[in-house]
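1. fold the following.
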Amino acid sequence: MPRLTLPPEVERFLSQARPAVVATLRSDGAPVTAATEYDWRDGRILLIMDAAGMRVRHLRRDPRCAFTVLGDDWYTHVSLSGSAVEIRDDVDFAAADRIAMRYQGGPYSRRDVPTISVVVELDRWHGWGDPVAG
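-> Sure thing, here's the model as predicted:
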């Protein structure tokens with residue numbers, strides 16, 4: 001399937017370090033959400049997760065997920081859905097460092113907790129408000 005193409009203003013919006021929420025599916029099919037940091041590169045979302053966490057187990061079982069990236073107010077956001085296409089150990093913390101640099105301006109600090117990197121390819125999106133202004 002071809003990669004989802006987004007308008008340039010939405011790409012710019014997603015390229016900023018913004019608060020986001022990710023939704024995964026529990027084994028009973030119920031959605032579960034969590035606040036998350038992410039990185040946006042080449043039309044994909046990169047996440048890091050605690051290797052022992054439930055979200056990793058959810059995505060290994062069912063790779064479908066959804067995101068909402070918030071703007072400067074509740075009335076501006078971009079929501080996206082897709083599937084995890086890569087789930088791997090982040091042994092050198094490269095993905096964790098990349099996201100920590102984006103949000104905190106320094107390397108990932110919890111080197112004692114193994115992390116997993118997850119790459120999500122998107123298949124749908126919609127926006128609310130004006131992502132250019134947000």
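2. could you list the low-pLDDT ranges of the chain?
-> Across the chain, residues meeting the criterion (pLDDT under 70) sit at 1-2, 131-134.
3. so which residues of it form strands?
-> Taking DSSP state E, the strands of the chain run over residues 20-25, 31-36, 39-41, 44-50, 64-70, 77-89, 115-128.
4. can you list the strands that the second one pairs with?
-> Partner strands for strand 31-36, per DSSP bridges, with pairing direction: strand 20-25 (antiparallel).
5. could you do the shortest one as well?
-> When pairs are called by DSSP bridges, strand 39-41 turns out to pair with strand 44-50 (antiparallel).
6. surely Ala87 touches Ile116?
-> One thing to correct before we go on: residue 87 is Ile, not Ala. Yes - under the criterion of C-beta atoms under 8 Å, Ile87 makes contact with Ile116 at 6.2 Å. Heads up, the C-betas are built off the backbone N, CA and C, glycines and all.
7. mutual contacts of the two, please.
-> When contacts are counted by C-beta atoms under 8 Å, 6 or more residues apart in numbering, Ile87 and Ile116 have Val56 as shared neighbours.
8. what about these two, which has more around it?
-> When neighbours are counted by other C-beta atoms under 10 Å, Ile116 comes out ahead of the other of Ile87 and Ile116, with 22 against 16.
9. before we move on, the earlier item: compare the strands of the chain and give me the one nearest Pro7.
-> The closest of these to Pro7 is strand 115-128. By C-beta to C-beta, the value is 8.7 Å.
10. given the closest one, what are its sheet partners and their directions?
-> Strands that pair with strand 115-128, judged by DSSP bridges, come out as strand 44-50 (antiparallel), strand 77-89 (antiparallel).
11. now do the first one and strand 64-70, the angle between them.
-> Angle of strand 44-50 versus strand 64-70, following axes from the mean of the first three to the mean of the last three C-alpha atoms, to 10 degrees, is 100 degrees.
12. name the surrounding residues that touch strand 44-50.
-> By C-beta under 8 Å, 6+ apart, the list of residues contacting strand 44-50 from outside reads 3, 22, 36-40, 55-56, 67, 80, 82, 90, 95-96, 98-99, 108, 113-122.
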